[in-house]
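Participant: Just need the structure, nothing else, for what follows:
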Amino acid sequence: MIDEKMQEAINKQLNAELYSSYLYLSMSAYFQSVNLGGFANWMRVQAKEELAHAMKFYDYVNERGGRVILHPVEAPPSEWDSPLAVFEHVYQHEQKVTGLINKLVDLAVKARDHATNNFLQWFVSEQVEEEASADEVVQKLKLVGDDPSGLFMIDRELAQRVFVAPATTTEGGAE
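Facilitator: Numbering: from 1, shown residues only. Reported below is the predicted structural model:
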């Protein structure tokens with residue numbers, strides 16, 4: 001049985017992951033509106049990834065005999081000044097999520113909840129990848145600056161991204 005404080009904290013994280021999915025879907029819609037389909041694809045894949053993360057938390061709470069409580073998801077922004085501004089927002093957002101995951105790990109350690117600590121280690125590693133992926137695009141966009149041909153080359157590259165569902169150990173369940 002999962003500790004009540006841990007359950008509440010994971011339910012909040014589940015909401016944060018749903019918000020992340022919603023945010024990236026909004027970014028995808030923005031990129032679609034400015035005819036950058038590759039950027040839109042990258043964000044749509046990211047939205048699916050974040051939804052999969054939310055479901056990992058959802059399944060984990062249920063597997064531990066807890067209760068998932070869903071909270072309202074905040075509306076994300078829908079306008080940005082440039083592709084660089086969008087990806088700087090992504091990078092900052094992923095840094096914030098890393099902080100939230102680290103706080104969950106701290107809570108699990110304090111509660112001596114070894115199962116949850118073990119479960120969270122996947123997310124610790126995932127956040128390293130998430131931050132690096134966002135920063136890579138930020139650096140490329142800074143490199144090309146205002147060069148439209150560079151922007152279109154990046155757009156073509158981002159169009160190649162495909163969603164790969166995270167591995168699970170149970171049918172529909174957490175890893």
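Participant: Could you say which helix or strand holds residue 155?
Facilitator: Secondary structure assignment for residue 155, by DSSP states H and E: helix 148-158.
Participant: in that helix, what's buried?
Facilitator: 151, 154-155, 158 (16 or more other C-beta atoms under 10 Å). Heads up, the C-betas are built off the backbone N, CA and C, glycines and all.
Participant: Please apply the same query to stretch 8-21.
Facilitator: 9-21.
Participant: Looking at those residues, which is nearest residue 119?
Facilitator: residue 10 (9.1 Å; C-beta to C-beta).
Participant: Who are the packing partners of whichever strand or helix holds the closest one?
Facilitator: According to DSSP H and E, residue 10 maps onto helix 4-33. Packing contacts for helix 4-33, counted by 3 or more C-beta pairs under 8 Å, 6 or more residues apart in numbering; DSSP states H and E, involve helix 37-63, helix 83-110.
Participant: center of this protein - which residue?
Facilitator: residue 50 (4.1 Å; C-alpha atoms, centre = their mean).
Participant: Please name the residues that touch that residue.
Facilitator: Contacts for residue 50 (C-beta atoms under 8 Å, 6 or more residues apart in numbering) come out as 17-18, 20-21, 24.
Participant: Same list (these) but as JSON lines, adding pLDDT and distance to residue 112.
Facilitator: Supplementary listing: the contacts of residue 50 in JSON lines, determined by pLDDT from 0 to 100; distance: C-beta to C-beta, whole Å:
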{"residue": "17", "pLDDT": "98", "distance to residue 112": "25"}
{"residue": "18", "pLDDT": "98", "distance to residue 112": "29"}
{"residue": "20", "pLDDT": "98", "distance to residue 112": "29"}
{"residue": "21", "pLDDT": "98", "distance to residue 112": "31"}
{"residue": "24", "pLDDT": "98", "distance to residue 112": "35"}
